[in-house]
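S.K.: generate coordinates for the sequence data below:
(2 chains)
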Amino acid sequence: MTSFSSWFHHTANPGVFLRISKPCLRFLCCASILFLVIGLSWGLFFAPSDWQQGDMMRIMYIHVPMAWLASACYFSLALCGILSLIWRHSLAEIAATEIAPIGASAAALCLITGSLWGKPTWGTWWAWDARLTSVLILFFLYLGHIGITHAFDDHRRGQKAAAILALAGVLDLPIIKFSVQWWNSLHQADSITLTHAPTMSWSLLYPLLLSTLGFSFGAGWLIITRIHAAIFEKRFYNLLLKNNEESAHPL
Amino acid sequence: MIYKLHSPIWLTDLEWSHHGIYISLSYGLSLFLISILVIRTYKRLKHIQYKLSQIEPKPHSSKRHSEKR
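M.R.: Now for the predicted structure:
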């Protein structure tokens, strides 16, 4: 426990994070490209069409990974919120600021592709359905998080308020997950669950798993790269400030 | 190939002729937005690395070192 605690606080140091995460970037980038090329081309060109939806289900290979990423990013945001509120983990604050735009983009793409899927299958672009509305709320939570983070002159206050919002908004995640079970939803029920066998054919499922892995690795690469950039920006402004002070008060 | 659909109002009165447009729009728009995000992130990192390299003291050319010499 003590070793975990010391490791935990050790990784809060941005310099340590840079050293640990730098070798992962190349792996994440290569794995993402590989899985995305195989998964998306398999899904788009080689997977059989669905017996009911025909070729429309090919949108699933973008829509489902985006939905998964939107939820996973928000969960990470809430985790960062806990770390920054309780332990003032400086890296968690930076990570939360950098994760939010990626999660917002995933939520937006999930809504857009869902809408493009909904028009020919349901006959409408949008319905105030439980699943759709809860994902829209998730998107607004992301926008709120981004807005609040940058709303204060004092960055610390902004990050604290955004962390509280992230923790409050985490309640939306189980609502998204169980909305199709709790309410009579227009959206279909989950095809993949942890407790039951998948309700879709493996010939459709394999490319879906590959594209989900590809997008997840890609999101990992994006988030780590953004954290690196944020750490360098912080270091740059600190150095600039130090240089200005030295030139203003020479020894 | 079994794809279980649960909603009772699924797939009524459909026209399948325009599927290509919806699929292309989904893939095109998603990949376009993702590539913008990737390019902007990469450019941001390279830009700040360059700016940092301009002001960061080098190990052997620091002010204190040159003063000593």
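
S.K.: worst-scoring helix or strand of chain B, pLDDT-wise?
M.R.: helix B:63-68 (a mean of 51; mean pLDDT, DSSP states H and E).

S.K.: helices along the chain, start to end?
M.R.: I'll assume chain A. Per DSSP state H, chain A carries helices over the ranges A:2-10, A:14-41, A:60-86, A:90-122, A:130-149, A:155-169, A:172-182, A:202-248.

S.K.: chain B was what I was after
M.R.: Per DSSP H, chain B carries helices over the ranges B:19-55, B:63-68.

S.K.: dump those helices into a markdown table; add mean neighbour count as well.
M.R.: Any C-beta I mention is one placed from the backbone N, CA and C, and that applies to glycine too. Converted to a markdown table, the helices of chain B look like this (neighbours: other CB atoms under 10 Å in any protein chain shown):
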| stretch | mean neighbour count |
| --- | --- |
| helix B:19-55 | 15 |
| helix B:63-68 | 9 |
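
S.K.: low-confidence regions, chain A specifically.
M.R.: Low-confidence segments of chain A, defined by pLDDT under 70, span residues A:1-4, A:194, A:250-251.

S.K.: go again using 90 as the cut-off
M.R.: Flagging of chain A using pLDDT under 90 yields the residue ranges A:1-23, A:42-58, A:86-91, A:93, A:117-127, A:129-130, A:152-159, A:177-205, A:237-251.

S.K.: residue nearest the centroid of it?
M.R.: In chain A, the C-alpha nearest the mean C-alpha coordinate belongs to A:Cys73, at 2.7 Å (CA atoms, centre = their mean).

S.K.: what does the stretch 51-200 of chain A have sitting close to chain B?
M.R.: Proximity of the stretch 51-200 of chain A to chain B, by CB under 8 Å from any CB of the partner chain, involves residues A:51-59, A:62-63, A:66, A:101-102, A:105, A:108-109, A:112-113, A:116-117, A:119-123, A:180, A:185-189, A:191, A:199-200.

S.K.: tell me the buried residues within these.
M.R.: A:53, A:55-59, A:62-63, A:66, A:101-102, A:105, A:108-109, A:112-113, A:116-117, A:119-122, A:180, A:185-188, A:191, A:199-200 (16 or more other CB atoms under 10 Å in any protein chain shown).

S.K.: re earlier: can you tell me how far the residue nearest to the centre of chain A sits from A:Phe46?
M.R.: As defined by CB to CB, to the nearest Å, A:Cys73 lies at a distance of 30 Å from A:Phe46.

S.K.: with B:Ile34 instead?
M.R.: Here the criterion is CB to CB. By it, B:Ile34 lies 22 Å from A:Phe46.
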